[in-house]
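> this one's structure only:
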């Protein structure tokens, strides 16, 4: 098990960036998956949200300032991604039902 500091240091170094991110994904995929799954319910949706979560984490790691633990920050990113996913899904569903109703009138 690699420490959070070691992983972020590896990610900061261009020579070890890929290896560091792969370690981060290996170490945190399962707990983040189950957090997301608890929110979005289905496995397929959880997989999609997890992938988006790791993209956001990858893009945001350079700005991570250790004001919180790395997992706490990633957990928040995952939670926000899951909530945004559900909001978008509801919007699409609600929008589609409104279109159907309008065309029936």
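Arrived safely, thanks for sending. In this text, all values refer to a predicted model and were calculated from it rather than measured experimentally.

> if I look at the one residue sitting closest to the centre of the chain, how far off is residue 36?
Nearest to the mean C-alpha position of the chain, counting by C-alpha atoms, centre = their mean, stands residue 53 at 1.6 Å. Remark: distance between residue 53 and residue 36 (C-beta to C-beta, to the nearest Å) = 7 Å. All C-beta spots, glycine's among them, are computed from the backbone N, C-alpha and C.

> which residues are common contacts for the two?
Common contacts of residue 53 and residue 36, defined by C-beta atoms under 8 Å, 6 or more residues apart in numbering, comprise 78, 81.

> Check which residues of the longest helix seen in the chain are buried.
Using DSSP state H, we find that the single longest helix of the chain is helix 70-104. Residues 70, 73, 74, 75, 77, 78, 79, 81, 82, 85 are the ones in helix 70-104 that count as buried (16 or more other C-beta atoms under 10 Å).

> which two in these are spaced the farthest apart?
Spanning the widest gap among those are 70 and 85, at 22.3 Å by C-beta to C-beta.

> And the lowest mean pLDDT element among the helices and strands of this structure?
Lowest on mean pLDDT, DSSP states H and E among the helices and strands of the chain sits helix 70-104, with a mean of 81.

> Against which helices or strands is that one packed?
For helix 70-104, the helices and strands in contact under the criterion 3 or more C-beta pairs under 8 Å, 6 or more residues apart in numbering; DSSP states H and E are helix 4-12, helix 17-40, helix 43-60.
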